[in-house]
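> Could you look at this predicted model? Sequence included:
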Amino acid sequence: MTYTTDQLRTLSIIPHVTGLFSVFGSGIIIYSVLRDRNKWKKPYYRLLFAMAAFDIFSSIAFGLSTWPIPRESTGVYAPLGTVATCSAQGFFVQAGIASPFYNLMLSLYFLLQVKFGMSERQISKRAEPIMHGVSIIFALGTSFLCLGMNLFNESSLWCWINAVPNDCEQSYSNGGQFTDCERGNNAEIYPWVIFFGPLWAAVIGTMIAMGLLIRFVKQQEKKMGQYQFARKTTDNNKAASRATQNQRKEEVRIRTKQSQLVTHQALRYVGAFYLTWTFATINRIMQAVSGTSYFWLMALHTFFVPLQGFFNYLVFSYPKYKRWNTRRKQNASTTASSQFGYSGSTNSITAQIRRYSGWGSTLTNNRSEPKGGKCPHDANKKSGSKESGLSNQNIQQHSVDDTTDSRGQSNAVSCLCDLTEMAATETHQDGKEVPDERTSNVGTKSNWDVDIDEIDDCVCISLRNISADRS
């Protein structure tokens, strides 16, 4: 299909804009990881860093659009380059295959951590080297292979795998007897072997990983429902029996909450993955089958593919935006309460804390102070601060010695806080502030190392021997 001059100009300009957005987004991810040493220690952020680094190089290549294409090329708007610049652009475009691979690796990371219970240290030693090795070696290996075979040439939108001239006879079509291609012999085969084939293999792998992860979360939700049902139907007044039921219920609740958060974040990366490559794959299939393509499909191809880094940035930033928006609404609600005398719900936050901590059951009436120290929640109460003691502080994780209640059960008091965010507070009937109920990272660090920047707030909780059983 022959395009008009205006259409060619549009196809050339679109990647200049979208590629710039992607470079910006990937740069923010890299800066966010590098400036925080604690993030760099975590495999999740190292995988993100590597993906963003490849996104930057490929986004720059996409953003150059038709400029690196040799000047003598026809049917292209504003070609300004040479064979060398075209080969360089094609090299980095092909190297961008690492980004879909890293999307797959992130899905596997979430699966290993949530379903199989692997800690960050175990993933760092056993899985992460393989993840980086497969992604980097394949991306750079295929890029150098194509470069050595002179496969990078003008490919209508930018330089990538193509034959010169476009209508030359390639040797695979005549049993390898001859070819009249100046460059890029058999270029019709290689895009599917070294790019779109592996690309959609990564898609299938990601779908399988997400399916297993979602299935596990559903099982956790079902298990939680079973414990809730058992608690409602059990006619047993013994305190020990109720404590056991509560303990198991809280264990399942905590694990289900964490699993849901991780699954949602993983699905966002998968959504960005599909949005980036669906139109590009359809377009290349049409070009391979019919030798042409519709303008609107080409435009969608040029719009979405360079935006992969920007989409990943949006997913990366979503938890922070969610926290900011929640705090904004809470501040507005607090202001309205102070102005109009609205006291809010008397049980929304308090009930949540009691539900997660067990203070409403085994520790409400018989709670002793920890031997090894006090939770900041209690310590700050004595220092004259408001009841929560956490509303305006950055407090690291505190874990104190076990204490024993009147029934002889061991209770570990822990405080888990987001190290980079202030604990959100809410005003209640008594006029005091208490921590927000969101406890997305509640759990012992030995059992859970989930850190997807989703930790919302800080609450002091009582964890009653939550086990690491992940059956």
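Structure received. Numbers count the residues shown, from 1 in each chain.
> All the strands of the chain, residue numbers only.
With DSSP state E, the ranges of strands along the chain come out as 152-154, 159-161, 398-404, 410-416, 425-427, 433-435, 459-463.
> got any ranges where the stretch 101-250 of the chain has weak pLDDT?
224-243, 245, 248 (pLDDT under 70).
> mind running it again at 80?
220-250 (pLDDT under 80).
> The stretch 251-400 of the chain too?
Counting by pLDDT under 80, the stretch 251-400 of the chain shows low-confidence ranges at 251-263, 288, 291, 336-400.
> repeat that for 90
Low-confidence segments of the stretch 251-400 of the chain, defined by pLDDT under 90: 251-274, 281, 283-293, 319-323, 325-400.
> in it, which spans are helices?
Under the criterion DSSP state H, counting those that start in this stretch, the stretch 251-400 of the chain contains helices at 295-304, 308-340, 348-357, 376-382.
> Show me what counts as buried in stretch 283-303.
For stretch 283-303, burial by neighbour count (16 or more other C-beta atoms under 10 Å) applies to 283-284, 286-287, 293, 298-302. Every residue, glycine included, has its C-beta placed from N, CA and C.
> can you tell me how far the residue nearest to Ile123 when sequence neighbours are not counted sits from Leu106?
Nearest non-adjacent residue to Ile123, counting by C-beta to C-beta, 6 or more residues apart in numbering: Pro43, 5.0 Å away. To Leu106, Pro43 is 10 Å away according to C-beta to C-beta, to the nearest Å.
> OK, contacts around Thr10?
Applying C-beta atoms under 8 Å, 6 or more residues apart in numbering, we find Thr10 in contact with Ala299.
> Tell me the pLDDT of it.
Turning to Thr10, the model gives it a pLDDT of 96.
> so Ile60 sits right up against Gly19, yeah?
Yes. Contact criterion C-beta atoms under 8 Å: Ile60 and Gly19 qualify, at 6.8 Å.
> the more surrounded of these two?
Gly19 (25 against 18; other C-beta atoms under 10 Å).
> who's in contact with that one?
Applying C-beta under 8 Å, 6+ apart, the residues near Gly19 are 59-60, 62-65, 306.
> would a markdown table of the buried residues of stretch 283-303 with distance to Asn185 be doable?
A markdown table is the format used below for those (distance: C-beta to C-beta, whole Å):
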| residue | distance to Asn185 |
| --- | --- |
| Asn283 | 23 |
| Arg284 | 19 |
| Met286 | 23 |
| Gln287 | 18 |
| Ser293 | 23 |
| Met298 | 25 |
| Ala299 | 30 |
| Leu300 | 30 |
| His301 | 25 |
| Thr302 | 27 |
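> Going by distance to Ala52, which of those wins?
Thr302 (21.5 Å; C-beta to C-beta).
> What distance do you get for that closest one to Asn246?
57 Å.
> One more: Tyr313?
Counting by C-beta to C-beta, the gap from Tyr313 to Asn246 is 42 Å.
> And these two? Which one has more around it.
For Tyr313 versus Asn246, the count of surrounding residues by other C-beta under 10 Å is larger for Tyr313: 24 against 18.
> Quick check: closest non-adjacent residue to the more buried one.
Gly25 is the one closest to Tyr313 (C-beta to C-beta, 6+ apart), at 2.9 Å.
> what's the span of stretch 63-81, first residue to last?
Stretch 63-81 has an end-to-end distance of 14 Å (C-alpha to C-alpha, to the nearest Å).
> For that stretch, which residues meet the burial criterion?
63-70, 73, 76-77, 79, 81.
> what does stretch 101-116 give?
Applying 16+ other C-beta under 10 Å to stretch 101-116 flags 101-115 as buried.
> next one: stretch 175-194
So for stretch 175-194, counting by 16+ other C-beta under 10 Å, buried means 179, 181, 183-188, 190-192, 194.
> And the protein, what are its domain boundaries?
Under the assignment automatic domain parsing, the domains of the chain span 5-167+184-218+263-323, 343-463.
> Would you mind measuring the gap between the ends of the longest one?
End-to-end span of domain 5-167+184-218+263-323 (C-alpha to C-alpha): 47 Å.
> next one: stretch 111-120
12 Å.
> likewise stretch 116-129?
Length of stretch 116-129, first residue to last, C-alpha to C-alpha: 18 Å.
> Pull out the buried positions in it.
Neighbour-count burial for stretch 116-129, with 16+ other C-beta under 10 Å as criterion, is recorded at 118, 120, 122-123, 127-128.
> and if you look at stretch 21-31?
Under 16+ other C-beta under 10 Å, the buried positions of stretch 21-31 are 21-23, 25-30.
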